[in-house]
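Colleague: pasting the sequence and the predicted coordinates here, then a few questions.
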Amino acid sequence: MKKFVAVFGLALLTFTVAGCSSDYVLEKKNGEMIITHGKPEVDDDTGLITYEDIAGNEHAINRDQIIQMIEK
């Protein structure tokens, strides 16, 4: 059931949020979905993924917290 909700939420986000084709959706292990503006950058040395959210703010998250990255 949780997987269905996550997939449904991802589909809903994909169809409701306007943006260019280079935006990505990051799915975290806790089920949270993050929409990025542009392709996230992965730093193999630190294990961090840096991204810009749709509001233009820069963030970094540990790669271990991300299940998948999907291009919108």
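Modeller: Received, thanks.
Colleague: distance-wise, check Asp23 relative to His37.
Modeller: Distance of Asp23 to His37, given as C-beta to C-beta, to the nearest Å: 6 Å. Quick note: C-beta positions are derived from backbone N, CA and C, even for glycine.
Colleague: show me what the residue positioned nearest the centre of the chain is bridged to.
Modeller: Note on the chain: the residue nearest the mean C-alpha position is Leu26, at 1.9 Å, using C-alpha atoms, centre = their mean. Beta bridges link Leu26 to Ile34, Met69, judged by DSSP bridges.
Colleague: just to check, it is in contact with His37?
Modeller: No. Counting by C-beta atoms under 8 Å, no contact exists between Leu26 and His37, whose distance comes to 12.0 Å.
Colleague: can you list residues touching both of the two?
Modeller: Tyr51 (C-beta atoms under 8 Å, 6 or more residues apart in numbering).
Colleague: one step back: give the residues shared as contacts by Asp23 and His37.
Modeller: Common neighbours of Asp23 and His37 (C-beta under 8 Å, 6+ apart) are Ile54.
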